[in-house]
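Undergrad: model this:
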Amino acid sequence: MSHNLFNTLQSFDLGNGKSGQFYSLPALEAAGVGPISKLPVSIRLVLESVLRNCDGLKVQEANVKELANWKPTEERTAEIPFVVARIVLQDFTGVPLLVDLAAMRSAVNKIGKNPKIIEPLVPVDLVVDHSVQVDFAGAADSMARNLDLEFTRNRERYQFLKWGMQAFDTFKVVPPGIGIVHQVNLEYLAKGVLEQGGVYYPDTLVGTDSHTTMINGLGIVGWGVGGIEAEAGMLGQPVYFLTPDVVGVHLTGAIREGVTATDVALTVTQMLRKAKVVGKFVEFFGPGAAALPLVDRATIANMAPEYGATMGFFPIDEECVNYLRGTGRSEAHCKMYENYYKAQGLWGIPQAGQIEYSQVVELDLASVKPSVAGPKRPQDRIELQNLRREFFSAVQRPVTENGFGKTRQVFGKSVKVEMASKKKANVGTGSVLIAAITSCTNTSNPSVMLAAGLLAKKAVEKGLKVNPAVKASLAPGSRVVTDYLKKTGLTPYLNKLRFNTVGYGCTTCIGNSGPLDPAIEDAVVKNDYVTASVLSGNRNFEARVHQNVKSNFLMSPPLVVAFALAGRVDIDLSCEPLGTSKDGEPVYLADLWPTLQEVRDAMQSALKPEVFRKLYKDFAAQNPKWNEIPSSVGNVYEWDTKSTYIQEPPFFGTSRFRLGSIKPITGARALGIFGDSVTTDHISPAGAIKKSSPAGKFLLDNGVTFEDFNSYGSRRGNDRIMTRGTFANVRIKNLMLGGEEGGNTIGADGQKTSIYDASIAYQAKGTPLIVIAGQEYGTGSSRDWAAKGTNLLGVKVVVAQSFERIHRSNLVGMGVLPLQFKEGTTAQTLKLDGTETYDIVGLDANIKPQQDLTLKITRKDGSVENVSVRCRIDTPIEIEYYQHGGILPYVLRQLIARRSPLSADSKSALGTTSAGS
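TA: A predicted model of the protein is given here:
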């Protein structure tokens, strides 16, 4: 329902002789509300949403005035109620989200209310991209065989998605085999400007994947959130966040010959991690930003989670509308898009001095050098010429210093293995075992994908071959990539080097790298080799790519091909040959690297509007396997208690969504004490399930064979498995056990046991649990199961030195209290070992956002130490979420109370319980 606050409802020319209405930011400034034209572009786009959705209830006039008067530097206490235009999901997070919606409908149905009150109020698009695994690689039929296996493994999940499509009015699914969610969003879903009821407004979104920020490259405001926050957004709840600082990145110069957009992204990631941009908006400006092609902007924006920012935003300009045209959007839409942003005063990349930022960071693009990142974190950039030395150093560094704790004697040792293919290969420390051109970060960028194909062409022409030990794969982010690689004649050369297409999905980057040859894996495990994967991805956390491949390096697609040819990472490709030609001559990287002109010439075939229109229509007709999947019907899902994929979660029983009281937590025991950079992969793995793990034993006990385990990510619709998988990463190090790897701890009886079994024993005694951690706790993927699993293990509190943005929000959203140590205080300075008892003092109904509380530590000898900690419930609305036991119980209560009068049963169900007990 439209309003005309501050006389801002204005008209603009649609470009077709007609006019449309919009909420004008220039008119808001003319009304004297604030100096809007000086605000960062990203803040102005959020302001438009706040203005347009101002209803006097969830969004108030005061919110508009506060944001319109954003200051570059001030204490951030105001929260913004941001109503997004749409939501995107991927299947690993989307299936559990749909499970929650189905469970909410069941809960509403049980108390005699209309289940249809649980209905998304904004468009929701789910792209199935996380399920395909690289079981087969290096052959012409690899993709077909992987797709067959994907549908066999995930049939039950896909049936459930089809139920969701018929049960919810605005819920749509892009089926398997189409592409990666962020590339599909960029090339197809995103419109730039949307319309409803004759009012035009900016395309904005949140997504249940941290790399949703890729869309920032197209000038669209959007970022990753946990599934629980996305569900609330679907059901009409604004996305609340503190007014952010905005860090301006002033780009100058131009990318040099031999340097790729990937190198720029890795350089920006390292630079902005050091600038501490966690929880801040980053906005790129200056002549260097204006000169970047949109696909390069998208590559840089994609890695915002790696540099810790909420967004990595590029403003709107001619390059954006050219990209929309080039990817098949209609000419009428493109004219309207350009006219809209010009009418808003939002057209063009700002130059120095035009905008006031909280902080400005400078980067000359000409200074960027070829780089890789690793071996354990994406921000640990290494210049290509230094990789050999850095790997040598990392292998010998202590594990506590992000190394591998080996001696130099491990270098030069290898064993010869005979693989199932009868080929033989040497395997040792430094061997490349996985080489994957994968991930939304790079496969959406034709310049680096074509560079990989051109390098492959030159390598084949010189007679080079990929080392037999390397499992090579190509997983494009959309079928458009396949089209232009074929048209440029590069596909046969990639195939010749075993970079055959294995599927359209995230594959290796999400941990779906599939099995290694058994003989190779056996050699690696027996000899404890530090082998490597090389991938054009965005994440290289421990045990993410493959549980037995310890070092993982991010790099551009052409470098992935180069290292596959070399077969090792302990090499300096700037001066050492990567192979020998058919003429017996040494071949160097410089001999193979394509020139910028060669890439530009090939690019002429990349963006053809008609190709995009053809490949992004009538998905059902293009995917017969999807059509074969049956669907159940009805508005309420019929749960199968025997299913090992989909189970009704315990989050919406009547005791779970009652209004709670906040009170102190007493007598808590430590479930785990962890160091720095514990990722959501450590907390809730997405990859393979070990037989010997609690989740593996559960599956075996329920008649599932090891071959049919699938992955943790695919099992997220079943809380029984996911709770058992929480903190089950094979590389997580619990300091209660001296830093021993694996998901174990000290139990209530003082003996070593799995974290899951310890949790069950403590919960049986009614003992609350606490997790203690270091810096950057919860970095990585926006997976809500890292918070859901924590909650279901009985953890009431997480105390860390610092939190990553999304995971902190997810913890609050699940009713888990995040607390932050003051500067200089750590588990190490406090000499905590897990034998202590913990109380949270000062936690009561009067708690305020970011208030100081007391962590009372009672040691085994009876001594007591009181430590001041900051409550990281950051906003007033989060206080309410916490009181309700989480965001979804809060929203459910609101919907039941708002949509219909409460019966006696409903009122009883919405009674009182305790959030702190």
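Undergrad: show me the shaky parts of the chain.
TA: The model of the chain has pLDDT under 70 over residues 1, 654-658, 782, 899-917.
Undergrad: going by length in residues, pull out the top helix of it.
TA: For the chain, the helix with the greatest residue count under DSSP state H is helix 142-167.
Undergrad: show me what the helix or strand that comes right after that helix pairs with in its sheet, parallel or antiparallel.
TA: Per DSSP states H and E, helix 142-167 leads on to strand 171-174 as the next helix or strand towards the C-terminus. Here strand 171-174 has these sheet partners by DSSP bridges: strand 124-127 (parallel).
Undergrad: who's in contact with the residue nearest the centre of the chain?
TA: In the chain, the residue lying closest to the centroid (C-alpha atoms, centre = their mean) is S210, at 2.7 Å. By C-beta atoms under 8 Å, 6 or more residues apart in numbering, the contact set of S210 is G224, P305, G780, S781, S782, I806. C-beta here means a position set from N, CA and C on the backbone, and glycine is covered the same way.
Undergrad: now do the phi/psi pair for the first one.
TA: When quoted as degrees, to the nearest 10, the phi and psi of G224 stand at phi -90, psi 140.
Undergrad: so it touches I806, yeah?
TA: Yes. Taking contacts as C-beta atoms under 8 Å, G224 lies within contact range of I806: 6.0 Å.
Undergrad: follow-up on the earlier one: narrow the contacts of S210 to those in helices?
TA: Per DSSP H, the contacts of S210 map to helices at P305, I806.
Undergrad: quick one: the helices in the stretch 301-450 of the chain?
TA: 304-307, 318-326, 331-343, 387-396, 440-443, 446-461 (DSSP state H, counting those that start in this stretch).
Undergrad: what would these look like in a markdown table with distance to D618 and mean neighbour count?
TA: Output for the helices of the stretch 301-450 of the chain, formatted as a markdown table (distance: least, C-beta to C-beta, whole Å; neighbours: other C-beta atoms under 10 Å):
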| stretch | distance to D618 | mean neighbour count |
| --- | --- | --- |
| helix 304-307 | 33 | 28 |
| helix 318-326 | 21 | 19 |
| helix 331-343 | 20 | 19 |
| helix 387-396 | 46 | 18 |
| helix 440-443 | 23 | 31 |
| helix 446-461 | 24 | 24 |
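Undergrad: can I get the ones you listed in a markdown table including distance to M814?
TA: Converted to a markdown table, those look like this (distance: least, C-beta to C-beta, whole Å):
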| stretch | distance to M814 |
| --- | --- |
| helix 304-307 | 20 |
| helix 318-326 | 37 |
| helix 331-343 | 38 |
| helix 387-396 | 35 |
| helix 440-443 | 27 |
| helix 446-461 | 38 |
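Undergrad: and those helices: which comes nearest M214?
TA: Comparison of the helices of the stretch 301-450 of the chain against M214 by C-beta to C-beta identifies helix 440-443 as nearest, at 5.9 Å.
Undergrad: export that closest one to PDB, keeping only CA atoms.
TA: This file holds the C-alpha atoms of helix 440-443, laid out as PDB (Å, rounded to 0.1, in the frame of the first residue of the first chain):
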ATOM      1  CA  CYS A 440      30.600 -19.100  -8.600                       C
ATOM      2  CA  THR A 441      33.600 -16.800  -8.000                       C
ATOM      3  CA  ASN A 442      35.300 -17.500 -11.300                       C
ATOM      4  CA  THR A 443      33.100 -19.600 -13.600                       C
END
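Undergrad: show me what that helix is packed up against.
TA: Identification of packing neighbours for helix 440-443 by 3 or more C-beta pairs under 8 Å, 6 or more residues apart in numbering; DSSP states H and E yields helix 181-184, helix 261-274, helix 294-302, helix 446-461.
Undergrad: rebuild these as TSV, extending it with distance to F541.
TA: Formatted as TSV, these follow (distance: least, C-beta to C-beta, whole Å):
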stretch	distance to F541
helix 181-184	19
helix 261-274	14
helix 294-302	17
helix 446-461	22
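Undergrad: quick one: which of these is nearest T745?
TA: T745 lies closest to helix 261-274 among the helices and strands packed on helix 440-443, at 29.9 Å (C-beta to C-beta).
Undergrad: in that closest one, what counts as buried?
TA: 261-273 (16 or more other C-beta atoms under 10 Å).
Undergrad: would JSON lines of those residues with distance to P476 be doable?
TA: Converted to JSON lines, the buried residues of helix 261-274 look like this (distance: C-beta to C-beta, whole Å):
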{"residue": "A261", "distance to P476": "16"}
{"residue": "T262", "distance to P476": "16"}
{"residue": "D263", "distance to P476": "21"}
{"residue": "V264", "distance to P476": "21"}
{"residue": "A265", "distance to P476": "18"}
{"residue": "L266", "distance to P476": "21"}
{"residue": "T267", "distance to P476": "25"}
{"residue": "V268", "distance to P476": "24"}
{"residue": "T269", "distance to P476": "23"}
{"residue": "Q270", "distance to P476": "27"}
{"residue": "M271", "distance to P476": "29"}
{"residue": "L272", "distance to P476": "28"}
{"residue": "R273", "distance to P476": "29"}
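Undergrad: and those residues, which is closest to E461?
TA: Distances from E461 to those, taken as C-beta to C-beta, are shortest for T262 (24.3 Å).
Undergrad: so what's that closest one up against?
TA: Residues in contact with T262 (C-beta under 8 Å, 6+ apart) are T299, T441, N442, V448, S536, L554, M555, S556, P557, L559.
Undergrad: repeat that for 10 Å
TA: Applying C-beta atoms under 10 Å, 6 or more residues apart in numbering, we find T262 in contact with 296, 299-300, 303, 370-373, 441-442, 445, 447-448, 451, 536, 538, 554-560.
Undergrad: cool, and D100?
TA: So D100 contacts 118, 227-228, 230-231, 648-649, 651-652, 717, 784, 788, 888 (C-beta under 10 Å, 6+ apart).
Undergrad: which helix or strand contains it?
TA: Here D100, judged by DSSP H and E, is contained in helix 91-110.
Undergrad: using PDB, write out every CA atom in that helix.
TA: Extracted C-alpha coordinates of helix 91-110, given in PDB (Å, rounded to 0.1, in the frame of the first residue of the first chain):
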ATOM      1  CA  ASP A  91      19.500 -26.500  -1.900                       C
ATOM      2  CA  PHE A  92      21.900 -27.300   1.000                       C
ATOM      3  CA  THR A  93      20.300 -24.300   3.000                       C
ATOM      4  CA  GLY A  94      17.000 -24.200   1.100                       C
ATOM      5  CA  VAL A  95      15.900 -27.800   2.000                       C
ATOM      6  CA  PRO A  96      16.200 -27.300   5.800                       C
ATOM      7  CA  LEU A  97      14.500 -23.900   5.300                       C
ATOM      8  CA  LEU A  98      11.600 -25.600   3.600                       C
ATOM      9  CA  VAL A  99      11.600 -28.200   6.400                       C
ATOM     10  CA  ASP A 100      11.200 -25.400   8.900                       C
ATOM     11  CA  LEU A 101       8.300 -23.800   6.900                       C
ATOM     12  CA  ALA A 102       6.700 -27.200   6.700                       C
ATOM     13  CA  ALA A 103       7.100 -27.700  10.400                       C
ATOM     14  CA  MET A 104       5.600 -24.300  11.100                       C
ATOM     15  CA  ARG A 105       2.600 -25.300   9.100                       C
ATOM     16  CA  SER A 106       2.300 -28.500  11.000                       C
ATOM     17  CA  ALA A 107       2.500 -26.600  14.300                       C
ATOM     18  CA  VAL A 108      -0.200 -24.100  13.200                       C
ATOM     19  CA  ASN A 109      -2.300 -27.000  11.900                       C
ATOM     20  CA  LYS A 110      -2.000 -28.800  15.300                       C
END
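Undergrad: now it: buried residues?
TA: Buried residues in helix 91-110 (16+ other C-beta under 10 Å): 91-109.
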